[in-house]
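J.: with the input below, show me the fold.
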Amino acid sequence: MKIQAAATLPTKFGMYKILAFAESETDKTPHVALVHEDVNIEEAVTVRIHSECLTGDILASLKCDCGNQLAKSLQIINEDKGVLIYLRQEGRGIGLINKIRAYNLQDQGRNTIDANLELGFEEDQRHYDEAIEILNLLGIKRINLLTNNPNKIGALEKSDIQLVERKPLWIGEQKFNEEYLQVKKELMGHLF
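T.: Next comes the predicted model:
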């Protein structure tokens, strides 16, 4: 994987460099990094590793906390002059079509894990090797990670990136995501 394209990206959260990472320049779903213009890679960098969630990030779905986590992360990253890594692994790695199928099963009473299992997938098929590779390509060796997900922590602990601090990212619950958050906490070990 390498940087295939880079440009300046002014956002409502601040000024960034946007970089697209892929094996090939023809890849239609590259991973993306937003790097704050004043990032200091000599110190521990605040980083959010965020998996794509079209329904939450773009369509403002209330079934999850993804879109709100993304927005809160960008606020914190702007304050801390950090980095967002946006991994293209929709629906915990099962893709958008299967994620919508899982939503249909949730409408019928399954929880988020049971829906994935019923569709023939693992409860969470995401991996974070590419995020670690992106951090290495950016020259970042020490991070403060914005996450509640123990799998991200575990992946970093097995890497050459030093996890200095885990920063919790609590958004809050509402009636549409209560069960989803409960499953993340009780069955997936998320750190709320």
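
J.: what sits against Lys81?
T.: Neighbouring residues of Lys81 by C-beta atoms under 8 Å, 6 or more residues apart in numbering: 36-40, 46. (Each C-beta comes from the backbone N, C-alpha and C, glycine too.)

J.: by neighbours, which of the residues you listed wins?
T.: Ranked by neighbour count (other C-beta atoms under 10 Å), the contacts of Lys81 have Thr46 at the top, with 24 neighbours.

J.: was I right about that residue contacting Leu84?
T.: No. The pair Thr46 and Leu84 does not pass the contact test of C-beta atoms under 8 Å, sitting 9.6 Å apart.

J.: overlap of the contact sets of the two?
T.: Each of Ile77 lies in contact with both Thr46 and Leu84 under the rule C-beta under 8 Å, 6+ apart.

J.: just for this structure, where's the confidence low?
T.: For the chain, residues meeting the criterion pLDDT under 70 lie at 174-192.

J.: which residue of it sits farthest from its center?
T.: Relative to the C-alpha centroid of the chain, counting by C-alpha atoms, centre = their mean, Gln108 is the outermost residue, at 27.2 Å.

J.: the residue found closest to Ile143 once you drop the neighbours it is linked to in the chain sits in which helix or strand?
T.: Once flanking residues are discounted, Ile143 sits nearest to Val47: 4.5 Å by C-beta to C-beta, 6 or more residues apart in numbering. For Val47, the host element (DSSP states H and E) is strand 45-51.

J.: distance from the chain centre to that strand, please.
T.: 7 Å (C-alpha atoms, centre = their mean, to the nearest Å).

J.: now stretch 87-94
T.: Counting by C-alpha atoms, centre = their mean, stretch 87-94 comes out at 9 Å from the chain centroid.

J.: could we number from 753 for the rest of this?
T.: Sure, I'll start counting at 753 from here, so that last one is stretch 839-846.

J.: how about that stretch: buried residues?
T.: Going by neighbour count (16 or more other C-beta atoms under 10 Å), the buried part of stretch 839-846 is 839, 841-846.

J.: now, which of these lie within helices?
T.: Among the buried residues of stretch 839-846, DSSP state H puts 842-845 in helices.

J.: looking at the sheet around the residue nearest to Ile895, what are its partners?
T.: When assigned by DSSP bridges, Val799 has beta-bridge partners Val835, Leu897.
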